[in-house]
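[1] Here is my input; please provide its structure:
(one chain, ligands or ions: 1)
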Amino acid sequence: MVLDRTARKWLQNRFGEDVRFDEPMSRHTSLKVGGPAEAFVAPATLENLRLLIQWTGEAKLPFLIIGDGTNLLVKDTGIAGIVIVLTKCLNQISTIASRGSGVVVRAMAGARLHKLCAFAMAANLKGMNFAQGIPGTVGGAIMMNAGTSHGWIEDVLEGITILAPTGETQTVSKERLDFSYRKLSLKNEMAHLTPGYPVIIDGHFYLQPSDERQLQHEADEILKKRRASQPTHLPSAGCFFKNPASGKPAGELIDLAGLKGKKIGGALISPKHANFIINSGGASAGDILALMETAQAAVLNMFNIALEPEVKIVGR
Ligand SMILES: Cc1cc2nc3c(=O)[nH]c(=O)nc-3n(C[C@H](O)[C@H](O)[C@H](O)COP(=O)(O)OP(=O)(O)OC[C@H]3O[C@@H](n4cnc5c(N)ncnc54)[C@H](O)[C@@H]3O)c2cc1C
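    Numbers count the residues shown, from 1 in each chain. Below you'll find the model as predicted:
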């Protein structure tokens with residue numbers, strides 16, 4: 001336990017109904033597993049978020065920013081410190097500038113990615129359709145460099161705003177961001193601004209005008225394909241493993257290892273898409289981790305390939 005009585009009292013006094021203690025993370029992750037967070041705070045304003053980040057810095061308390069928890073596996077023992085969710089305070093989307101033939105759209109980190117897709121669609125702007133069907137928030141998508149075979153977030157992002165531990169906000173242009181497969185970090189010269197990882201406040205997206213019907217047709221096709229190939233209606237965190245740099249994708253390797261339908265406790269390798277681990281009912285994080293290790297061992301044994309989780313595993 002890292003939060004003592006004084007810290008809990010400060011949080012209670014400052015955040016009132018916006019803080020919950022010993023909050024089960026199974027309520028805040030799409031896998032629907034995970035033990036309690038010592039404190040779970042949903043700041044109602046940017047000012048409150050600023051205050052919280054400054055306080056955690058001064059008090060040297062660990063925190064974890066989350067979006068919708070659609071890429072998170074929280075261990076059964078829970079999370080020491082404070083989980084901060086941005087969906088309550090940072091959810092606006094607006095056009096902030098025109099440049100050349102396109103426009104710059106600012107989406108706050110707690111806004112849902114599907115809302116950004118819908119915003120772009122309503123304004124006949126192309127660039128966001130790759131994200132059709134990816135659940136979660138804009139902040140989570142930026143941090144994960146979310147993407148599909150149709151594109152990645154880095155293709156349309158031209159900058160972000162971050163919140164430093166001092167409480168100052170700073171805009172960071174794309175040139176100072178390091179994007180890789182399902183990962184964002186700040187380049188070296190920026191790293192001093194945020195020890196650990198950056199708290200993302202918003203993203204700026206450069207989008208181009210397009211034809212309304214063509215955009216809608218493309219979006220419909222992408223969603224249709226996704227529903228046909230993925231168990232989208234069941235609790236999961238999307239693709240569990242990163243695809244190896246070359247050769248067969250992770251799902252195919254797991255399938256070839258004979259693990260489609262393999263079950264440990266309530267955790268199941270989807271018979272529809274072998275890179276999806278599903279909570280088929282009553283799974284614990286331990287079940288999911290055991291199934292993850294089973295898949296890794298089988299693929300290593302058969303193909304000599306070490307599968308790396310794409311899902312972020314957090315907890316003590
Ligand atoms: C059915 C399904 C399908 C999916 N399909 C895809 C897909 O096609 N492509 C893809 O890339 N992903 C996919 N995912 C995974 C997931 O939806 C994405 O990674 C998504 O972008 C995560 O957003 P989130 O808000 O849920 O982030 P979370 O899971 O809450 O967090 C993910 C990471 O980002 C960090 N984070 C979140 N917000 C912030 C912030 N504001 N500042 C700093 N750090 C932050 C968290 O600490 C964590 O490390 C899928 C998931 C599901 C359940």
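
[2] Could you use CA atoms for every contact and neighbour count after this?
    Fine.

[3] What are the buried residues along the strand ranked longest in the chain?
    For the chain, the strand with the greatest residue count under DSSP state E is strand 199-209. Of the residues in strand 199-209, those with enough neighbours to count as buried (16 or more other Cα atoms under 10 Å) are 199, 200, 201, 202, 203, 204, 205, 206, 207, 208.

[4] From the contact counts, what lies against it?
    Using 3 or more Cα pairs under 8 Å, 6 or more residues apart in numbering; DSSP states H and E as the contact criterion, the secondary-structure elements in contact with strand 199-209 are strand 102-108, strand 125-126, helix 138-143, strand 157-163.

[5] Can you add distance to residue 271 and pLDDT and give the buried residues of strand 199-209 back as CSV?
    Putting those into CSV (distance: Cα to Cα, whole Å; pLDDT from 0 to 100) gives the following:
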residue, distance to residue 271, pLDDT
199, 37, 93
200, 36, 96
201, 38, 97
202, 37, 98
203, 36, 98
204, 38, 98
205, 37, 98
206, 38, 98
207, 37, 98
208, 39, 97
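
[6] Keep only those residues that also lie close to the ligand.
    Among the buried residues of strand 199-209, the residues that sit close to the ligand (Cα under 6 Å from any ligand atom) are 199, 200, 201.

[7] sorry, back to before: near the ligand, anything from the helix or strand that comes right after the longest strand of the chain?
    Scanning forward in sequence from strand 199-209 by DSSP states H and E, the next helix or strand is helix 212-229. No - no part of helix 212-229 sits near the ligand under the criterion Cα under 6 Å from any ligand atom; the closest distance found is 8.2 Å.

[8] From the rest of the structure, what touches helix 212-229?
    If you take Cα atoms under 8 Å, 6 or more residues apart in numbering as the criterion, helix 212-229 is touched by 121, 124, 126, 129, 130, 132, 133, 232, 272, 273.

[9] is the helix or strand in which residue 38 is found anywhere near the ligand?
    Secondary structure from DSSP H and E places residue 38 in strand 36-41. No - for a cut-off given as Cα under 6 Å from any ligand atom, strand 36-41 has no contacts with the ligand; the smallest distance is 13.0 Å.

[10] The contacts of helix 212-229: which ones sit near the ligand?
    Of the entries in the contacts of helix 212-229, those that also sit close to the ligand under the rule Cα under 6 Å from any ligand atom are residue 232.

[11] Show me the contacts of helix 212-229 that map onto strands.
    Among these, the members that lie in strands (by DSSP E) are residue 126.

[12] and the contacts of helix 212-229, which are buried?
    Buried residues within the contacts of helix 212-229, counting neighbours by 16+ other Cα under 10 Å: 121, 124, 126, 129, 130, 132, 133, 232, 273.

[13] check contacts around the closest residue to residue 152 other than its chain neighbours.
    Counting by Cα to Cα, 6 or more residues apart in numbering, residue 152 lies nearest to residue 146, which is 5.8 Å off, once chain neighbours are set aside. When contacts are counted by Cα under 8 Å, 6+ apart, residue 146 is found next to 131, 152, 153, 182.

[14] isn't the last one right next to residue 145, touching?
    Yes - in terms of Cα atoms under 8 Å, residue 182 counts as a neighbour of residue 145; the distance is 4.7 Å.

[15] Settle it for me: which of those two has more neighbours?
    It is residue 145, of residue 182 and residue 145, that has more neighbours when counted by other Cα atoms under 10 Å, with 20 against 17.

[16] isn't there a helix covering that one?
    No - the assignment for residue 145 (DSSP: H, G, I helix; E, B strand; the rest coil) gives coil, which keeps it out of a helix.

[17] Local confidence estimate at it?
    Note on residue 145: pLDDT of 96.

[18] Report the contact partners of it.
    If you count contacts by Cα under 8 Å, 6+ apart, residue 145 has them with 152, 153, 154, 179, 180, 181, 182, 183, 184.

[19] how near is it to the ligand?
    Shown here: residue 145 relative to the ligand, a distance of 7 Å by Cα to the nearest ligand atom, to the nearest Å.

[20] same question, residue 110
    Distance from residue 110 to the ligand, counting by Cα to the nearest ligand atom: 7 Å.

[21] hang on, that residue packs against residue 86?
    Yes - with contact defined as Cα under 8 Å, residue 110 counts as touching residue 86 (4.8 Å).

[22] what is in contact with the two at once?
    When contacts are counted by Cα under 8 Å, 6+ apart, the set common to residue 110 and residue 86 consists of residue 67.

[23] Give me every residue in the stretch 1-150 of the chain lying close to the ligand.
    By the criterion of Cα under 6 Å from any ligand atom, the positions of the stretch 1-150 of the chain lying close to the ligand are 30, 64-72, 109, 134-137, 139-141, 143-144, 146-148.

[24] Then the stretch 201-316 of the chain?
    Taking Cα under 6 Å from any ligand atom as the measure of proximity, the stretch 201-316 of the chain contacts the ligand at 201, 232, 236, 237, 238, 312.

[25] ok, which pair from the residues you listed is furthest apart?
    201 and 232 (28.0 Å; Cα to Cα).
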